[in-house]
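**Q** show me the folded form of this:
(2 chains)
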Amino acid sequence: MQGGTYLVIAYIIMWAGVLAYLGWIALRIRGVRTDLESVRELVREREREASAGQGADQ
Amino acid sequence: MKTLTSHPAAPDEGIALHPQRGGWLQPIRQYGEYVLGGLTALGMMLTIWAAFLYAPTDAVQGDVQRIMYFHVPMAWLAYLSFFIVFVASIVYLLRRDSRWDWAARASAEIGVVFTTLVLISGSIWGKAFWGTWWDGEPRLTTTLVLWFIYVAYLLLRFYGGRTEGSARGAAVLGIIGFVDVPIVHFAVTWWRGLHPDGYVLQGTSSNMPMPAFLALMLALVTFTLLYAFLMLQLYRLERYTTEAQRLRAIVEYGDDGDISAS
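**A** Presented below is the predicted three-dimensional model:
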């Protein structure tokens, strides 16, 4: 192989690596955001239940 | 076992259950990331232009030498990442503030990814110029050791969970592991190998032609911006993950999220 071929291979691998890593981070952030939203909703539900229970006691 | 979730996450606009106002820092938090991302993308385009069109072709190696314009900045980024792990680990051990642990964890991940890319790009460059994919010369060997150290760090974080014990152990490893960084850097000076010594900088002057030197400096600045951008993303990921874990613990255990008693 010529030097130019090695150069192209190296650049493809480096850029594919960087872009794949950026994409993976974006997917992980999206996943954890979804998880966080669902657990926030659960906490809100618990708070509503607790306040409704307190209202019934009074 | 005490969990890190017992330390509530920092207030986070729009994500925390009871968000707090960010004050005058709010616009910087909101738009700074876009500005940083845009500057990084612009820098990358300029670096590609400089590496392929502005910098001269090396008289000895030919075009393959242009790998340097990304190989060296990636190595710099890896050094910087592990330095931040080192500093954040020390501060974490002193203050026991989870935010420093998140920074160390985020930086270690970036460091491992870019050390991997440095090893791969270096191997391809080595095959083209030295005629071999791998050689047991000092810089290659010490870089591989560095990679193993921080892969071990990430494995410890992954399998140790988000506990104070895991964070403390990882902080110690992050501090000790950094010892290898100056060894990697000075390996070419202390022991003779295939890597050139003082090619970029010899004292205060450079052995490179000025356009090549400027292209490399541009690449170094761009990769530093990329590091800052990645750190912001990964730090946010750590914060969200910890916050989600804390809220889930509240749902499951009905207390402040500390499941240490269970």
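**Q** in the helix or strand hosting residue B:47, what counts as buried?
**A** Using DSSP states H and E, residue B:47 falls within helix B:26-49. By neighbour count with 16 or more other Cβ atoms under 10 Å in any protein chain shown, helix B:26-49 contains the buried residues B:36-37, B:39-40, B:43-44, B:46-48. Where C-beta positions appear, they are placed from N, C-alpha and C, glycine not excepted.
**Q** please apply the same query to stretch A:15-31.
**A** A:17-18, A:21, A:25, A:29.
**Q** list, out of these, those positioned next to chain B.
**A** A:17-18, A:21, A:25, A:29 (Cβ under 8 Å from any Cβ of the partner chain).
**Q** restricted to helices, list these.
**A** Counting by DSSP state H, those place A:17-18, A:21, A:25, A:29 in helices.
**Q** what residues does the stretch 101-250 of chain B have near chain A?
**A** B:113, B:116-117, B:120-121, B:124-125, B:127-129, B:226, B:230, B:233-234, B:236-237, B:240-241, B:243-244, B:247-248, B:250.
**Q** drop anything exposed from those.
**A** Buried among these (16+ other Cβ under 10 Å): B:113, B:116-117, B:120-121, B:124-125, B:127-129, B:226, B:230, B:233-234, B:236-237, B:240-241, B:243-244, B:247-248, B:250.
**Q** report the two of the buried residues of helix B:26-49 separated the most.
**A** Spanning the widest gap among these are B:36 and B:48, at 18.9 Å by Cβ to Cβ.
**Q** the helices in the chain, which residues?
**A** Since you didn't name a chain, this refers to chain A. With DSSP H as the criterion, chain A has helices spanning A:3-57.
**Q** wait, I meant chain B there
**A** Using DSSP H, helices in chain B cover B:26-49, B:68-95, B:98-129, B:138-160, B:164-177, B:180-190, B:210-253.
**Q** deepest-packed of these, please.
**A** When the helices of chain B are scored by mean count of other Cβ atoms under 10 Å in any protein chain shown, the highest mean neighbour count falls to helix B:98-129 (a mean of 23).
**Q** turn the ones next to chain B among the buried residues of stretch A:15-31 into TSV, including pLDDT.
**A** Conversion of these to TSV gives the following (pLDDT from 0 to 100):
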residue	pLDDT
A:17	93
A:18	93
A:21	95
A:25	95
A:29	94
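**Q** what about the chain, any weak spots by pLDDT?
**A** Chain wasn't specified; assuming chain A. Residues of chain A meeting the criterion pLDDT under 70: A:1, A:55-58.
**Q** the intended chain is chain B.
**A** B:1-25, B:197-206, B:254-262.
**Q** repeat that for 50
**A** B:1-19, B:257-262 (pLDDT under 50).
**Q** enumerate the residues of chain A near chain B.
**A** Counting by Cβ under 8 Å from any Cβ, chain A sits next to chain B at A:1, A:3-4, A:6-7, A:9-11, A:13-14, A:17-18, A:21-22, A:25-26, A:28-29, A:32-33, A:35-36, A:39-40, A:42-44, A:46.
**Q** so how do I select the buried members of these in PyMOL?
**A** Burial among the residues of chain A next to chain B is assessed by 16+ other Cβ under 10 Å; the matching PyMOL selection reads:
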select buried, chain A and resi 3+6+7+9+10+11+14+17+18+21+25+29+32+33+35+36+39+40
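**Q** now the two most distant members of the ones next to chain B among the buried residues of stretch A:15-31.
**A** Among these, A:17 and A:29 lie farthest apart (Cβ to Cβ), at 18.9 Å.
**Q** skipping adjacent residues, who's closest to residue B:231 in space?
**A** In this structure, residue B:231 finds its nearest non-sequential neighbour in residue B:106, 5.8 Å apart by Cβ to Cβ, 6 or more residues apart in numbering or on different chains.
**Q** right, I'll leave it there.
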